[in-house]
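Enquirer: kindly generate the corresponding structure for this input.
(one chain, ligands or ions: 1)
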Amino acid sequence: MNMKIDPWSALSIDDYSKLFEEFGILPFDQLLPEIKDPHRYMRRKIIFGHRGYDLISDAMNNGKPFSVMSGFMPSGKIHLGHKMVMEEIIWHQQQGADAFVGIADREAHSVRGFSWERCRDIGVNEYITSLIALGFEPEGHIYFQSDSEQVKDLAFELGSKANFSELSAIYGFTGETSVSHMLSAVTQSADILHPQLDEFGGPKPTVIPVGADQDPHIRLTRGLGHKMNMFKIEGREDKKGRHYFSIRSKSAPEDTLKELAERIPGTTKLFEGHVDVLDFDNFEELLKTVRAVELEFGGYAFVPPSSTYHRFMSGLQGGKMSSSVPDSYISLTEDPKGAAKKVKRAKTGGRITLEEQKKLGGEPDKCSVYELLLFNLVEDDEELAQIYNDCVSGQKVCGNCKALAAEKMEKFLKEHQELREVAKDRLDEYGL
Ligand code: SF4
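Expert: Numbers count the residues shown, from 1 in each chain. Sure thing, here's the model as predicted:
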């Protein structure tokens, strides 16, 4: 099997479990018991996978600093798919994260050819307005890539550690790919890592909530963060089977190793290019010291970014959502009554006749209407379970179910659009 995830093409990923084996994404449900009051996407396995989220749950449970970061390419109408990511960012902000939202105007400019004015217009009037209406608090950071000197400078630095072959292997770049397009890939890595810069409080766990198609960015960025760091710590065993740590310098100035050897408690042995730590087994403490020394000597000491992966919603007519098929998706800015009509026209998992429906029950797992309820419209798990059970047992008919979903959708959009009007007057609170 050769499965390629490409964030710039709209692949639908049918079997999410393949991602666990092929790309090393870990199942999220194993972490669920660690999370107090998990978001409905977590409870309902819509967030199905993660990388390194144990660092985030540890930070949340122990009051340690952490960040959440995600970006949006200003490509068109804001829809329910964008809302998912926004809700995940806001949830983490409510759990104590320093929250960052980047508008990827460099990407839209280089990949889609959009003018800077158009990027700004879509960024503010579509995405940011809804983000604020959904509850993003002003303590967080909203920025455009092209405005952020930190992101642009860091992108340049990261570019020195990424080469064409690596980017091609991940994104399928060819000789025809523009340099700006390549630069936009490292700019997104800079987006992800910049919450760990000194001006934002230094190295800390950072979670990036994304759809599975964005995993190449995460893998690239984790690799780049690792390459930027001065040291790596390896657990080793001597000839007598005793464990020790070896701190290996990758690009560190000689003095840093001397400093480490002096500062680390226990017995240390300084060699050319590494320091061995013989009788100190507190890894967390060791890591803290190594990071502190790296920062003092002008390094970054990045913590590898964590990520969560969510399932995609399918289109209202089944298949994929497509911006060129308005009936396949619901935009947060469209007429609520029109959206309700779309819901009533959506594909269901109902049987051909009422009789069959009563006898065999419906198929909510194949139903776009149920998906709307599951992802967006029903917060209460018991209420949702009731709908599911009534459907599979044949007690529910699709007409009533569609009417319920349509009514909830109309109500949500009406309220959201009122909140958007309020948000438009609050942009200056967010530095916009
Ligand atoms: Fe979908 Fe509701 Fe019909 Fe079941 S009854 S298939 S959930 S629309």
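
Enquirer: mind listing the strands for this protein?
Expert: 26-27, 47-51, 67-72, 98-103, 141-144, 206-211, 231-237, 243-249, 268-271, 274-277, 306-310 (DSSP state E).

Enquirer: show me what from this protein comes close to the ligand.
Expert: Where the chain comes near the ligand, counting by CB under 6 Å from any ligand atom, the residues are 348-350, 362-364, 367, 369-370, 391, 396, 398, 401-402. For glycine as for every other residue, the C-beta is placed from the backbone atoms N, C-alpha and C.

Enquirer: ok, back up a step: now render the strands of the chain as TSV, adding mean neighbour count and distance to residue 427.
Expert: What follows is the strands of the chain, written out as TSV (neighbours: other CB atoms under 10 Å; distance: least, CB to CB, whole Å):
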stretch	mean neighbour count	distance to residue 427
strand 26-27	16	38
strand 47-51	23	30
strand 67-72	25	16
strand 98-103	24	13
strand 141-144	20	9
strand 206-211	25	23
strand 231-237	13	43
strand 243-249	18	47
strand 268-271	14	53
strand 274-277	21	51
strand 306-310	26	28
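
Enquirer: if I read this right, residue 38 contacts residue 32, doesn't it?
Expert: Yes. Residue 38 is in contact with residue 32 according to CB atoms under 8 Å; the separation is 6.1 Å.

Enquirer: so between these two, which is more surrounded?
Expert: Set side by side, residue 38 and residue 32 show more neighbours around residue 38, with 17 against 14, by other CB atoms under 10 Å.

Enquirer: what's near enough to touch that one?
Expert: With contacts defined as CB atoms under 8 Å, 6 or more residues apart in numbering, the neighbours of residue 38 are residue 32.

Enquirer: for it, give its distance to the ligand.
Expert: When distance is defined by CB to the nearest ligand atom, to the nearest Å, residue 38 is 24 Å away from the ligand.

Enquirer: going forward, count from 700.
Expert: Right, with 700 as the first residue, what we last looked at is residue 737.

Enquirer: let me know the pLDDT of the residue nearest to residue 1056 when sequence neighbours are not counted.
Expert: In space, residue 1056 comes closest to residue 1050 once its chain neighbours are excluded; the distance is 4.3 Å by CB to CB, 6 or more residues apart in numbering. Looking at residue 1050, its pLDDT is 93.

Enquirer: could you do residue 872 as well?
Expert: Per-residue pLDDT puts residue 872 at 88.

Enquirer: same deal with residue 702?
Expert: Reading off the per-residue confidence, residue 702 sits at a pLDDT of 40.

Enquirer: just residue 1064 next, same as before
Expert: Here the pLDDT value assigned to residue 1064 is 89.

Enquirer: which ones are touching the residue nearest to it when sequence neighbours are not counted?
Expert: In space, and not counting its chain neighbours, residue 1064 is closest to residue 1048: 6.7 Å by CB to CB, 6+ apart. Listed by CB under 8 Å, 6+ apart, the contact set of residue 1048 reads 1061, 1062, 1063, 1064, 1065, 1066, 1069, 1090.

Enquirer: between these, which is nearest residue 822?
Expert: Distances from the contacts of residue 1048 to residue 822 were compared by CB to CB; the smallest belongs to residue 1069, at 32.8 Å.

Enquirer: hmm, that closest one is touching residue 1088, no?
Expert: No. Under the criterion of CB under 8 Å, residue 1069 is not in contact with residue 1088, lying 11.8 Å apart.

Enquirer: can you give the distance from stretch 1116-1127 to the centre of its chain?
Expert: In this view, stretch 1116-1127 has its centroid 25 Å away from the chain centroid, taken as CA atoms, centre = their mean, to the nearest Å.

Enquirer: show residues contacting it.
Expert: Contact with stretch 1116-1127 is made by 823, 827, 828, 829, 831, 832, 833, 837, 1031, 1032, 1035, as judged by CB under 8 Å, 6+ apart.

Enquirer: which pLDDT value goes with the second one?
Expert: pLDDT recorded at residue 827 is 97.

Enquirer: any figure for the gap between the closest residue to the ligand within the stretch 750-899 of the chain and residue 1069?
Expert: As assessed by CB to the nearest ligand atom, the ligand sits closest to residue 779 within the stretch 750-899 of the chain, at 17.2 Å. Computed as CB to CB, to the nearest Å, the residue 779 to residue 1069 distance reads 14 Å.

Enquirer: and the two? Which one has more around it.
Expert: For the pair residue 779 and residue 1069, the greater number of neighbours falls to residue 1069 (24 against 20), based on other CB under 10 Å.

Enquirer: now the more buried one: how far from residue 1076?
Expert: In this view, residue 1069 and residue 1076 are 10 Å apart by CB to CB.
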